[in-house]
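Colleague: How does the following fold in three dimensions:
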Amino acid sequence: MISVLITNYNTWDLCIKSIRSISEENLKFISEIIIVDDASDQVAPIELVNHQLVRIVKNNINLGYASSVNKAFEFANESICLLLDSDAYILSGLEHIEKQFDNNANLGILAPLLVDIDGNSTGRAEPEVHFWGLLLGQQLDAKIGKYIYKPSSRWSIFSCGMAVKKEAFFDVNGFDTSFDFLDADHDFSMKINRTCWKIKFEDRCRIYHIGNGSPQTTSKRVIRFYRNRIKLLKKYNKIKSVTSFKQLLLIRINVEYWILHLLKFLRINTMDLNDKILGRKNIIKFLKDNG
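Modeller: Numbers count the residues shown, from 1 in each chain. Prediction:
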């Protein structure tokens, strides 16, 4: 049997949809659904409070995503846990999760297939992070990264939909609470990759994930991304010289900053540009203040 774990912060409507979407066929493999509510302003809906399988664990204060995930695993009764975002819906194939863990004693993480409303894959993992990915930036890395470095053969699984053996979770001390949701799952996968536990993919289990991230401006999200990603690269010694790396990073960000100002001068998509300019300005300040 499987413990389904969901973290929630003011997304009760999504939690209800997620649980309603579970078919009778899939419910046969679920013993409990644990929702860790991270001190939401909203009251838990009666439908969930009275649900036969649902157990709501409420944080007295907002602890953040990683701490809420850790608490969910602490309350789980089953050895196999399916961690979901509140906007992730189980479509099919939970029996294959059970079989995979039963047949693979050293399986730590199993990655179901994440799909959109049309059934197309939306991405469930990526190769372990590399300093080149941050140094080049997302667009340049996608275009020329493969010519500069060889991607890692190790995978990082996205926590919006991942099945985890509870023993493996506690063996690596769960999620590192010094990371927020942006890189907590990368760090968790990287810890698993450095143990005897294995990571596998399972296409026969399908999960629909809405995604789109948290409701925040680009400028706020981008500074969080850089702060977390640099911390992650340093933690796993993927940066040889932090000072030199930050100097090179500053060069690229400054170039982007002035290009965006030029586009603004040319009156191209001004509102979007203002937020991007602010984001680069924040990154430059962060890199200089933490040099």
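
Colleague: Reduced to three states, what does residue 283 come out as?
Modeller: At residue 283, secondary structure determined by DSSP: H, G, I helix; E, B strand; the rest coil is helix.

Colleague: right, I mislabeled it, should have said residue 196
Modeller: coil.

Colleague: And for the one 3 residues further on?
Modeller: Reducing the assignment at residue 199 to three states with three-state DSSP gives strand.

Colleague: Name the nearest residue to it, sequence neighbours excluded.
Modeller: residue 109 (4.6 Å; C-beta to C-beta, 6 or more residues apart in numbering). C-beta: built from backbone N, CA, C; applies to glycine.

Colleague: Could you tell me which residues make contact with the one you found?
Modeller: By C-beta atoms under 8 Å, 6 or more residues apart in numbering, residue 109 lies in contact with 157, 162, 163, 164, 165, 168, 189, 192, 197, 198, 199, 200.

Colleague: and stretch 119-133, how far out from the chain's middle?
Modeller: 11 Å (C-alpha atoms, centre = their mean, to the nearest Å).

Colleague: The residue nearest to residue 199 pairs with what?
Modeller: Here residue 109 sits in beta bridges with residue 164, residue 199, as judged by DSSP bridges.

Colleague: Can you get me a residue count around the residue nearest to residue 224 when sequence neighbours are not counted?
Modeller: Distance criterion C-beta to C-beta, 6+ apart; nearest residue to residue 224, sequence neighbours excluded, is residue 182 at 5.7 Å. By other C-beta atoms under 10 Å, 18 other residues sit near residue 182.

Colleague: what residues are up against residue 182?
Modeller: Contacts of residue 182 (C-beta under 8 Å, 6+ apart): 221, 224, 225, 228, 229.

Colleague: which regions of the chain sit below the pLDDT cut-off?
Modeller: The chain contains residues with pLDDT under 70 at 212-219, 268-271, 291.

Colleague: now the strands for it?
Modeller: For the chain, applying DSSP state E gives strands covering 2-8, 30-37, 54-58, 80-84, 88-92, 107-115, 125-127, 155-157, 161-165, 198-209.

Colleague: These: which one's closest to residue 64?
Modeller: Nearest to residue 64 among the strands of the chain is strand 2-8; the distance by C-beta to C-beta comes to 9.7 Å.

Colleague: orientation of the closest one relative to strand 80-84 in degrees?
Modeller: 30 degrees (axes from the mean of the first three to the mean of the last three C-alpha atoms, to 10 degrees).

Colleague: Alright, calling it a day.
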